[in-house]
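Visitor: here are the coordinates; sequence isn't available:
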């Protein structure tokens, strides 16, 4: 099985002014699903590292839920963990 990768990444907003961008996105190389996250709010002006980290975290979750061989148990565990924190 080929390992999915996050491709075609970009920012939604003006290219010349990254601070005006509101979302970061990428595409799954296996299923072509678009993964998109809202720009992270940080204590510093540079939000890019935290936003990139969030995008890759969401992408890893996407891979576990949709592309893992044991996707059903992984999906159940992720949903259970997400609902326990609320």
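Guide: In hand now; what should we look at? Model, not experiment: these values are computed from the prediction.
Visitor: in this protein, what secondary structure element scores lowest on mean pLDDT?
Guide: Least confident helix or strand of the chain, by mean pLDDT, DSSP states H and E, is helix 71-84 with a mean of 69.
Visitor: so residue 5 makes contact with residue 27?
Guide: No. Under the criterion of Cβ atoms under 8 Å, residue 5 makes no contact with residue 27, lying 9.3 Å away. To be clear about C-beta, it is placed using only N, CA and C from the backbone, and glycine gets the same treatment.
Visitor: neighbour count winner among the two?
Guide: residue 27 (19 against 12; other Cβ atoms under 10 Å).
Visitor: ok, and the closest non-adjacent residue to that one?
Guide: Take residue 27 and drop its neighbours on the chain: the residue closest to it by Cβ to Cβ, 6 or more residues apart in numbering is residue 8, 4.4 Å away.
Visitor: list phi and psi for the one you found.
Guide: Note on residue 8: its backbone torsions stand at phi 50, psi 40 [degrees, to the nearest 10].
Visitor: close enough to count as contact, it and residue 28?
Guide: No. The pair residue 8 and residue 28 does not pass the contact test of Cβ under 8 Å, sitting 9.7 Å apart.
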